[in-house]
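> I'll drop the sequence and a predicted model, then ask my questions.
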Amino acid sequence: MQLWVSDTGPGIAEGDLPQIFEPFFSTKAEGSGIGLALVYRVVQDHDGQIEVRSQPGVGTTFLLTLPSTDGAV
């Protein structure tokens, strides 16, 4: 199963992309930096993958890929 999540927000700076799934990394003053780290861990725990594509000023797309549990594609 694949799930695409996209927005048209400010995007993620190229220099920040390698760190976005690390616990407590945030570029927001009030951010905890735990949200994406938690999502990443849950996806990995279910033998899935998560990819991100972002362009500053254009938006960001996350692709979550999870294995099927019932044989469906």
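Sure, I can see it.
> Look up phi and psi at the residue nearest the centre of the chain.
Nearest to the mean C-alpha position of the chain, counting by C-alpha atoms, centre = their mean, stands residue 62 at 5.1 Å. For residue 62, the backbone dihedrals are phi -110, psi 140 (criterion: degrees, to the nearest 10).
> what's near enough to touch it?
Residues near residue 62 by C-beta atoms under 8 Å, 6 or more residues apart in numbering: 4, 5, 6, 50, 51, 52. Glycine gets a C-beta too; all of them are placed from N, C-alpha and C.
> Please apply the same query to residue 68.
residue 1.
> per-residue confidence for residue 6?
We have a pLDDT of 97 for residue 6.
> Just the CA trace of stretch 44-62, in PDB.
Taking Å, rounded to 0.1, in the frame of the first residue of the first chain, the C-alpha atoms of stretch 44-62 are listed here in PDB:
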ATOM      1  CA  GLN A  44       9.800   1.100  10.000                       C
ATOM      2  CA  ASP A  45       8.200  -1.000  12.800                       C
ATOM      3  CA  HIS A  46       5.700  -2.200  10.200                       C
ATOM      4  CA  ASP A  47       8.400  -3.000   7.600                       C
ATOM      5  CA  GLY A  48       7.500   0.100   5.600                       C
ATOM      6  CA  GLN A  49       9.400   2.900   4.000                       C
ATOM      7  CA  ILE A  50       9.000   6.700   4.000                       C
ATOM      8  CA  GLU A  51      10.400   9.000   1.400                       C
ATOM      9  CA  VAL A  52      10.200  12.800   1.200                       C
ATOM     10  CA  ARG A  53      10.500  15.200  -1.700                       C
ATOM     11  CA  SER A  54      10.500  18.900  -1.000                       C
ATOM     12  CA  GLN A  55      11.100  22.100  -2.800                       C
ATOM     13  CA  PRO A  56      11.400  25.400  -0.800                       C
ATOM     14  CA  GLY A  57       8.500  27.700  -1.800                       C
ATOM     15  CA  VAL A  58       6.600  25.000  -3.600                       C
ATOM     16  CA  GLY A  59       5.800  22.300  -1.000                       C
ATOM     17  CA  THR A  60       6.500  18.900   0.300                       C
ATOM     18  CA  THR A  61       5.400  15.300  -0.500                       C
ATOM     19  CA  PHE A  62       5.800  12.300   1.700                       C
END
